Structures are given as C-alpha cells and as structure tokens.
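Participant: Take this sequence and fold it.
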Amino acid sequence: MDSDANVAVPVEEAAEAHPAWRRVQLARHPKRPHSLDYIQRLVTDFQEIHGDRNFGDDPAIVAGLGQFEGRAVMWVAEQKGRDTKQKLYRNFGMPKPEGYRKALRAMQLAAKFGRPIITLLDTPGAYPGIDAEERGQAEAIARNLREMARLPVPVVVVCIGEGGSGGALALGVGNTVLMLENAVYSVISPESCASIIYRDSGKAEQAAAALRLAAEDLLSLGLIDGIVPEPPGGAQEDPAAAAEFLRGHLVLRLDELAGMSGDQLVNHRYAKFRKMGNFFA
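Facilitator: Below is the predicted model:
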C-alpha cells in the first residue's frame, strides 16, 4: 500500500487539484442560502402545509402554496438548519418517510387544483435511521418517483445545494431540472464513494472529480436542463442576488411549460427521463 495513502490533503490544495471538490465545499458552505431563504425572498402569502396524515410532520421538508410572479405555485423543499438547534430540528436536511409522504400529499393537492410545482433540492441524502426504515423509507421514495412522473401540472426542480442520491431524487422528477452554479448532484457523497472505491474516505476530493457531480458535468450529460448563475464567490456572498438570478430562470421555465396540456406534460417528463443514460441514440 502507498505510504502516503492516508495522508490528508489540505483543503486549498484539494480545491486546486480537483475543482469539483471546491464545488462540494461551496454547496456545503455554512452560510449558503437554504430553501426557506429563497422562499422568503421569492414568494408572497406562503401558506405552509404540515403532516402526512399518516404518521406525523417532518421539518426536513417544507411544503406550501404561495404567490410567485402572479402565479399560485406549490413549493416543496428540503430544508437544512443553520445553527445547532435548527440542524437538529430539521434533521440536518435528511427527510424521513413522513417527509416524502407530506411532499407527495402537497404535490397531489397542486395537481388537483392545476397549480405548477417547484421543488428545491438540498439534502445529503434520505435519513438512514432504523425508525425511517421501519416506516418504509424506500417505499416512500419509490412512490414519489412514480407519482411525480404522473403529475399533470408543470414541475420545475432546482438543486440549490447538495443533491444527495435518492433523498434528492424523490423530489427531482420534473419537466425541467435546474442546478445552481455551485450546487452538486450525485448518486453518492464523495466521502462514501472514496471509502468504497479507494478504501479511504480521505480521498473524497478525487472521488468528487470522478463522480462528475458539478452542474457543468450534468448539463453536458443531459441530466439537467440549465444552470442558474450565482454571485461571485457563491450564493452565500449575496443571497438576495442569488434569489433574483433564480427568480428569472423560474419565470422563464414556467412560461415555457404553461402552454402544455396535462397529457403533454406527463409525456414530456416521461421522454426526458427515458433519454437519460442513453448515449447511442
């Protein structure tokens, strides 16, 4: 075994060697705007919906109707905490089954009344605890994937920070999928990937580069539809400006989808996801 295999690489050197790792750091920045920061800046008359009408409420997911640029829109978002108390309350942004079921309840309500849906992704992944597994974590995620594919209303998805595996994808089946410039979206975290592939979680920066989790990578692979720019240095440097960038892109995308019928929206979404991973057509 290489004697240097377990030597930690300084953050600055890692960022220079692997630009993708710098994106991971920015996506996890402690001052980066979270979902409610964007909702507070973009939405008026926001009416939050609580509970899944089965087990309870999950603060890691925020859902509700609000006015956005003259439209009534259903917002469904993953929410991290800022300080220790909020992090614990929001379970570090890791939803449990009741969170995904609350999200589905809100999205089905939007479909019933013909309201477009905007989802904001920002989670390291679905909560892997025993209690979540006992209440059907995998089933809740799978049901969301199926039901989101069938929604007869416009669905716009935005990855604003971390898009972690199925925990993010459970809210990620949209007609349009966007990423903020410094967000990351991947099937696994760089640390977990490094521990599996390299047998060393300290090589996360190498794994980040190999995963191709940055917005430019996903756009080139056809997995997302657009990149929302951020202020210089990242969204945490000017949250208000970041929100305005996002506002413009959301308006454009909602306008593009507004003229489509329910059947057209479902077929559009189906065709979009069927094309993913097909590089020989």
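Participant: where exactly do the helices run in this structure?
Facilitator: 11-17, 19-27, 35-42, 84-89, 97-112, 130-134, 137-150, 165-169, 190-197, 204-211, 215-220, 239-258, 262-274 (DSSP state H).
Participant: Of the ones you listed, which is nearest residue 158?
Facilitator: helix 239-258 (6.8 Å; C-beta to C-beta). Just so you know, the C-beta spots here come from the backbone N, C-alpha and C atoms, and that holds for glycine as well.
Participant: Run through who's touching that closest one.
Facilitator: Among residues not part of helix 239-258, those counted as contacts by C-beta atoms under 8 Å, 6 or more residues apart in numbering are 33, 37-38, 41-42, 68-69, 71, 73, 116, 118, 154, 156, 158, 160, 175-176, 178, 180, 225-226, 228-231, 235, 265.
Participant: For ChimeraX, write the selection for the buried entries among the residues you listed.
Facilitator: Selection of buried members from the contacts of helix 239-258 for ChimeraX, criterion 16 or more other C-beta atoms under 10 Å:
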select :33,37,38,42,68,71,73,116,118,154,156,158,160,175,176,178,180,225,228,229,230,231,235,265
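Participant: What about the contacts of helix 239-258, which are in strands?
Facilitator: Those of the contacts of helix 239-258 mapping onto strands are 68, 71, 73, 118, 156, 158, 160, 176, 178, 180, 226, 228, per DSSP state E.
Participant: Serialize these to CSV and add fields for distance to residue 91.
Facilitator: Converted to CSV, the ones in strands among the contacts of helix 239-258 look like this (distance: C-beta to C-beta, whole Å):
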residue, distance to residue 91
68, 27
71, 31
73, 25
118, 22
156, 25
158, 21
160, 18
176, 28
178, 25
180, 22
226, 30
228, 26
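Participant: Now the two most distant members of the residues you listed.
Facilitator: Taking C-beta to C-beta, the two most distant members of those are 71 and 180; they sit 21.3 Å apart.
Participant: which ones are touching residue 221?
Facilitator: Taking C-beta under 8 Å, 6+ apart as the test, what residue 221 contacts is residue 212.
Participant: Can you tell me how far it is from residue 166?
Facilitator: 19 Å (C-beta to C-beta, to the nearest Å).
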